[in-house]
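Asks: fold the following.
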Amino acid sequence: MEVGAMPGESRSRQGALAEFVDGLQASGRYCFDRQEAMAALGSSGPVLKKAVMRLAAKGRLIAPKRGFYVIVPIEYRSAGAPPPTWFIDDLMRKLGRAYYVGLLSAAGLHGAAHQQAQEFQIMTDIPVRPVLAGRARIRFLTKRCHQQTPTLEMKTPTGRILVSTPEATAVDLLRYAAAAGGLSNVATVLAELAERLDASLLAKAAADGAEIVFAQRLGYLLDQIGEGKRAAALAALIAERKPRSVALRPGRSTRGGPVDRRWGVIVNERIEVDL
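Replies: Reported below is the predicted structural model:
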């Protein structure tokens, strides 16, 4: 309680926070920060903290990052939070970081929902600790050249988010195959994503935003799932650059593995698509 504040006054300000939260939700907003709430309510930090704790105990608010609050509507009370797509753009603005939704999360938003990630995957330029929001875990993966990655805006119930294009998503899935569940899982996702891939844009995404080895592995997987035609421009890129042969799965022995001549890939892992 503030010095000089009466108990009733403190309770009144706690009620004022509830009214503030209700007003934001009524206007379609589901997040706010400490400074905004303090200015709106005329409260100090300690009083606001107490009011926030009271609403959080009721499941009305969560704080995925210090000083950043997300409103939990009643339909998401059992999940503990609304979907990350509702607030990730505001959170990244609060952190002052450029970002895009990537990997399995992006693939899911593009319609490849068979292999859903157990976490919401965000690409950014510096390390950020994972965030828990109700039952959801938000994982941040670091990518130095992430601002070169082609993205598009997707509308959400609360605004918009940045998502890697289907083609950039495909390239990233190979670059971060471990985070995407391994090569067989990547192949499964690609099989669902394939109809959204533009051959020329795929080659451009591979040429601009990744080492050529990821393009080689991507092309090989597309062949394996029967989508070789979508990889035609990618194959032309490989033929032009004439890269050295690389292991399909890095870090594993390639001894005795056959070489796919079209892609310059030494096959050292069996790919199994689960559809």
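
Asks: spatially nearest residue to residue 92 (excluding sequence neighbours)?
Replies: In space, and not counting its chain neighbours, residue 92 is closest to residue 99: 4.4 Å by C-beta to C-beta, 6 or more residues apart in numbering. All C-beta spots, glycine's among them, are computed from the backbone N, C-alpha and C.

Asks: what residues are up against that neighbour?
Replies: With contact set as C-beta atoms under 8 Å, 6 or more residues apart in numbering, residue 99 has these partners: 88, 92, 122, 123, 124, 146, 162.

Asks: the nearest residue to residue 231 once chain neighbours are set aside: helix or strand, and which one exactly?
Replies: Counting by C-beta to C-beta, 6+ apart, residue 231 lies nearest to residue 222, which is 4.2 Å off, once chain neighbours are set aside. Element membership of residue 222 [criterion: DSSP states H and E] is helix 212-224.

Asks: and this protein, what are its domains?
Replies: 7-73, 84-266 (automatic domain parsing).

Asks: would you turn these into CSV with distance to residue 274 and mean pLDDT?
Replies: Below are these laid out as CSV (distance: least, C-beta to C-beta, whole Å; pLDDT from 0 to 100):
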stretch, distance to residue 274, mean pLDDT
domain 7-73, 32, 88
domain 84-266, 5, 94
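
Asks: return the most buried member of these.
Replies: Counting by mean count of other C-beta atoms under 10 Å, domain 84-266 has the highest mean neighbour count of the domains of the chain, with a mean of 19.

Asks: would you work out how far apart the start and end of it are?
Replies: 39 Å (C-alpha to C-alpha, to the nearest Å).

Asks: next: stretch 34-52.
Replies: 10 Å.

Asks: and it, how far out from the chain middle?
Replies: How far stretch 34-52 lies from its chain's middle: 30 Å, per C-alpha atoms, centre = their mean, to the nearest Å.

Asks: that older thread, thought the residue nearest to residue 231 was touching residue 232?
Replies: No: between residue 222 and residue 232 there is no contact under C-beta atoms under 8 Å: 9.8 Å.

Asks: quick one: the strands in the protein?
Replies: Ranges of strands within the chain are 31-33, 61-65, 68-71, 99-101, 120-124, 131-133, 136-142, 151-156, 159-164, 246-247, 259-260, 265-266, based on DSSP state E.

Asks: export those to a markdown table and tack on distance to residue 170?
Replies: Supplementary listing: those in a markdown table, determined by distance: least, C-beta to C-beta, whole Å:
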| stretch | distance to residue 170 |
| --- | --- |
| strand 31-33 | 31 |
| strand 61-65 | 29 |
| strand 68-71 | 31 |
| strand 99-101 | 14 |
| strand 120-124 | 14 |
| strand 131-133 | 26 |
| strand 136-142 | 16 |
| strand 151-156 | 14 |
| strand 159-164 | 9 |
| strand 246-247 | 17 |
| strand 259-260 | 18 |
| strand 265-266 | 16 |
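
Asks: which neighbouring elements make contact with the helix holding residue 222?
Replies: For helix 212-224, the packing partners by 3 or more C-beta pairs under 8 Å, 6 or more residues apart in numbering; DSSP states H and E come out as helix 166-175, helix 183-193, helix 199-209, helix 232-241, strand 246-247, strand 265-266.

Asks: take those and write them to JSON lines, including distance to residue 19.
Replies: Below are these laid out as JSON lines (distance: least, C-beta to C-beta, whole Å):
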{"stretch": "helix 166-175", "distance to residue 19": "42"}
{"stretch": "helix 183-193", "distance to residue 19": "45"}
{"stretch": "helix 199-209", "distance to residue 19": "47"}
{"stretch": "helix 232-241", "distance to residue 19": "56"}
{"stretch": "strand 246-247", "distance to residue 19": "60"}
{"stretch": "strand 265-266", "distance to residue 19": "61"}
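
Asks: what about those, which gets the closest to residue 32?
Replies: Closest to residue 32 of those, according to C-beta to C-beta: helix 166-175, at 31.0 Å.

Asks: that closest one versus helix 183-193: what angle between them?
Replies: 170 degrees (axes from the mean of the first three to the mean of the last three C-alpha atoms, to 10 degrees).
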